[in-house]
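> Structural data only, the sequence is not supplied:
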């Protein structure tokens, strides 16, 4: 897909993508959104928080939403390639199998320069795991679902890696008329590309390192950056130790959530999000793909 700007993302486009995702043969589900007060999770702030459970989504994470919209807008029977070692790769492979398409999920040692060589050699269409208009529009369906349960949230907290989910959710909420809603992204301290990008006013990269590997891409996406700059209140940072504790706390309350999926929760319980007192708040848990052995490492 060619270079596009944030102006290309319109409410009509996101509504169309919402219907595409909802009717996708990949079986994307409307995940539950439950009140924090209906769980045993600790909370030191007096506010009305709802938790969006994308850890229960098909393939175990929100990524299937963007993949569903990407594949719907590509020719049937195409040959595709992507770079991912995590949840996007899992959803991408699931879509390939469902549609009977040919494709590869690769993790090159040097990126992104290798991308063009790989595509030319194999005659494949490259699908980006976060810097892609169709993907972001698909992820925006999550924001639309949030508004069906809480039409006018005061605050929405979303994890941020390359920024595709944060950009999509923020655009969906703001373009739907919730101009007063404050949307915060959450990144690990050791992998804060979007945080640095908003400071430097351009997409930047870094040597990202975090226990939340799904939130540690080498650079922020250009289109996600533009959308975050336009619609996001700010980015807050959490430590790996805070993420580890969040995984453990969620598990003890019956919720299996991977480190990357726990970042928004970690930000809330560690009081990183300002002015939540008395507010209607949404916390998105983005994925539950964590192995038993890894999960046990987080327990006290």
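Okay, I see it. Just so it is clear, the model here is predicted, and its values are computed rather than measured. Residues are numbered from 1 along each chain as shown.

> OK, contacts around residue 4?
133, 223 (C-beta atoms under 8 Å, 6 or more residues apart in numbering). Every residue, glycine included, has its C-beta placed from N, CA and C.

> at 6 Å instead, please
If a contact means C-beta atoms under 6 Å, 6 or more residues apart in numbering, then residue 4 has residue 133 as its contacts.

> what do you get for the one 5 residues further on?
The contact partners of residue 9, taken as C-beta under 6 Å, 6+ apart, are residue 171.

> Give me the distance between it and residue 140.
According to C-beta to C-beta, to the nearest Å, residue 9 stands 8 Å off from residue 140.

> Common neighbours of these two, please.
In contact with both residue 9 and residue 140: residue 171, using C-beta under 6 Å, 6+ apart.

> Quick one: neighbours of residue 214, just the number.
A count of nearby residues for residue 214, using other C-beta atoms under 10 Å, gives 26.

> so it makes contact with residue 260?
Yes - the pair residue 214 / residue 260 is scored as a contact, 3.3 Å apart, by C-beta atoms under 6 Å.

> element containing the residue nearest the centre of the chain, please.
By C-alpha atoms, centre = their mean, the chain has its centre lying nearest to residue 165, at 3.4 Å. According to DSSP states H and E, residue 165 maps onto helix 164-175.

> what helices or strands is that helix leaning on?
On a contact count with 3 or more C-beta pairs under 6 Å, 6 or more residues apart in numbering; DSSP states H and E, helix 164-175 meets helix 133-149, helix 222-231.

> what residues are shared contacts of residue 214 and residue 260?
Common neighbours of residue 214 and residue 260 (C-beta under 6 Å, 6+ apart) do not exist.

> what's near enough to touch the spatially closest residue to residue 128 that is not a sequence neighbour?
Leaving out its chain neighbours, the residue that sits closest to residue 128 by C-beta to C-beta, 6 or more residues apart in numbering is residue 135, at 6.8 Å. The contact partners of residue 135, by C-beta under 6 Å, 6+ apart, come to 66, 70, 164.

> same deal with residue 283?
Counted by C-beta under 6 Å, 6+ apart, residue 283 has contacts 49, 51, 157, 264-265, 268.

> For this protein, give me the ranges with low pLDDT.
Residues of the chain that meet the criterion pLDDT under 70 lie in 1-2, 85, 107-122, 299-300.

> which residue ranges form the helices in it?
For the chain, the helices defined by DSSP state H cover 11-22, 63-72, 87-99, 114-122, 133-149, 164-175, 193-200, 222-231, 240-252, 263-269, 292-297.

> Can you check which of the helices and strands packed on helix 164-175 gets nearest to residue 170?
helix 222-231 (3.8 Å; C-beta to C-beta).

> Just want the angle from that closest one to helix 133-149.
Relative orientation of helix 222-231 and helix 133-149, computed by axes from the mean of the first three to the mean of the last three C-alpha atoms, to 10 degrees: 40 degrees.

> helices and strands around helix 222-231, which ones?
helix 164-175.

> what residues does the helix it packs on touch?
9, 11, 14, 62, 130, 135-136, 139-140, 142-144, 158, 160, 181, 183, 185, 224, 227-228, 231-232.

> what's the domain layout of this protein?
6-61+132-297, 64-126 (automatic domain parsing).

> so of these, which one's packed in deepest?
Greatest average neighbour count among the domains of the chain goes to domain 6-61+132-297 (a mean of 21), per mean count of other C-beta atoms under 10 Å.

> Return the residues in contact with residue 17.
69, 137-138.

> Over to residue 186?
159, 236, 263-264, 267.

> Return the closest of the residues you listed with respect to residue 298.
Checking the contacts of residue 186 one by one against residue 298 (C-beta to C-beta), the nearest turns out to be residue 263, at 14.0 Å.

> just checking, the closest one touches residue 159?
Yes - Residue 263 lies in contact with residue 159 (C-beta under 6 Å); the separation is 4.0 Å.

> Tell me the bridge partners for residue 51.
Legend: beta-bridge partners of residue 51 under DSSP bridges are residue 34, residue 283.
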